[in-house]
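Q: Got a predicted structure here, sequence first:
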Amino acid sequence: QPIKTVTDIPLGLQKFAGGVEQSLNRRGSGNPSEPQPPSGLIHARAKRELAVQLGVDPYSDNQALQDALETVAANKNRGRLAGQIGSLFTPGAVGLALSAAQVNKTIQDRLVNLSPAEIRQRNVANLIQLDCDRALITSFMDHPVYTPTIQSIMVDSMAGLSEVANIREFLKAIVQAPKLEIALYFQTQIQMAHAYHVKVDRLKSLSLLETTPCFLNSEGKLVVFLPVDYLYWNERLHRGLTVLKEAVGVEGGQLWITGRITERAEQELLAEGIEVYDRALYRLWGN
């Protein structure tokens, strides 16, 4: 395989500040005379807030994580206990952690304050606004590997690309994800496209080559985003590049990858008119 997929994006628990304890403890200091929501809703929100502040997906299917969140959120001393989760869950668990650089404050607030049903309603409305196929929307929202967190991140990025022609076609690719690693691959891909659109150059259109999103930028050049660890040159990559250029019908372009590229691969791609930008997460988010 010329391309080794990154299976740990986003990876690792974020370092959380001492403010987590203070923030969580303050939640229990409200006025007891004021009307309070049902205890079940309070507990569910506290659990989501704890997860987001610790930098983990509140909807992860990691049972050990869920058990820890449940225990800490239910404890009146949860602020003091929160730090223990960081020692229990180390970097490496796919889909466990959220990258603060790639999950903006709006999404964080949404994950804390909205129920799963409310998150779904908002995501569906945004996809309808993008003129996505209703059947594909349902398939995406019901897909077992996409948590409400992943869905929110992806829909937010797609909405940020609303002016890109045919952005709705991206949904056709992502509903085919067979497992969480591929879902996270697609998540990172659309986030890279959104960051490029905002910080580098405006993207104008999207087309799919099987499940590979191919964008055209403001100069009409091909732009492809690949979350890969390592890219090296071989005949398979050469054939794939030829098919890609013929399908899109343009000469030259850019390839953005999250990892590294061999010297030969970079030279061969340059000879084909393709500029390679490695370590794309650093270039796009500074991390």
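A: Looks like it arrived, so ask away.
Q: C-alpha only now, for contacts and for neighbours.
A: Fine.
Q: Let me know the average pLDDT across stretch 219-227.
A: Taken as a whole, stretch 219-227 carries a mean pLDDT of 94.
Q: Could you tell me how far it lies from the centre of the chain?
A: Between the centre of stretch 219-227 and the centre of its chain there are 18 Å (C-alpha atoms, centre = their mean, to the nearest Å).
Q: Check stretch 237-246 too.
A: On C-alpha atoms, centre = their mean, the centre of stretch 237-246 falls 27 Å from the chain's centre.
Q: start at 55 instead
A: Understood, numbering begins at 55; the last thing we discussed is stretch 291-300.
Q: Go through it and flag the buried ones.
A: Buried residues in stretch 291-300, defined by neighbour count with 16 or more other C-alpha atoms under 10 Å: 291, 292, 298, 299.
Q: What about these, which are in helices?
A: Counted as lying in helices by DSSP state H, out of these, are 291, 292, 298, 299.
Q: and the closest residue to the last one other than its chain neighbours, what are its phi and psi?
A: Going back to what we said before, that points to residue 299. Using C-alpha to C-alpha, 6 or more residues apart in numbering and skipping residues adjacent in sequence, the residue nearest residue 299 is residue 305, 6.7 Å away. In terms of degrees, to the nearest 10, the main-chain angles of residue 305 are phi -110, psi 130.
Q: Pull the contacting residues for residue 305.
A: Taking C-alpha atoms under 8 Å, 6 or more residues apart in numbering as the criterion, residue 305 is in contact with 275, 276, 299, 327.
Q: and with 10 Å instead?
A: 274, 275, 276, 299, 326, 327, 328 (C-alpha atoms under 10 Å, 6 or more residues apart in numbering).
Q: you'd agree the third one is up against residue 300?
A: Meaning residue 276. No - between residue 276 and residue 300 there is no contact under C-alpha atoms under 10 Å: 11.3 Å.
Q: quick one: secondary structure of the residue nearest the centre of the chain?
A: Nearest residue to the geometric centre of the chain (C-alpha atoms, centre = their mean): residue 241, 3.8 Å. For residue 241, the assignment made with DSSP: H, G, I helix; E, B strand; the rest coil gives helix.
Q: Look up how far residue 281 lies from it.
A: Residue 241 sits 10 Å away from residue 281, going by C-alpha to C-alpha, to the nearest Å.
Q: okay, the one helix or strand residue 321 maps to in PDB with CA atoms only?
A: Per DSSP states H and E: residue 321 is located in helix 317-325. C-alpha atoms of helix 317-325 as PDB (Å, rounded to 0.1, in the frame of the first residue of the first chain):
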ATOM      1  CA  GLU A 317      12.000  12.400  -1.200                       C
ATOM      2  CA  ARG A 318      11.300  10.300  -4.400                       C
ATOM      3  CA  ALA A 319       7.600  10.500  -4.000                       C
ATOM      4  CA  GLU A 320       7.800  14.300  -3.700                       C
ATOM      5  CA  GLN A 321      10.000  14.500  -6.800                       C
ATOM      6  CA  GLU A 322       7.800  12.300  -8.900                       C
ATOM      7  CA  LEU A 323       4.700  14.200  -7.900                       C
ATOM      8  CA  LEU A 324       6.300  17.500  -8.600                       C
ATOM      9  CA  ALA A 325       7.200  16.100 -12.100                       C
END
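Q: From the contact counts, what lies against it?
A: strand 282-285, helix 289-302, strand 307-311, strand 328-331 (3 or more C-alpha pairs under 10 Å, 6 or more residues apart in numbering; DSSP states H and E).
Q: between it and helix 289-302, how big is the angle?
A: Going by axes from the mean of the first three to the mean of the last three C-alpha atoms, to 10 degrees, helix 317-325 is angled at 20 degrees with respect to helix 289-302.
Q: Report the buried residues of helix 317-325.
A: Buried, per 16+ other C-alpha under 10 Å, within helix 317-325: 319, 320, 323.
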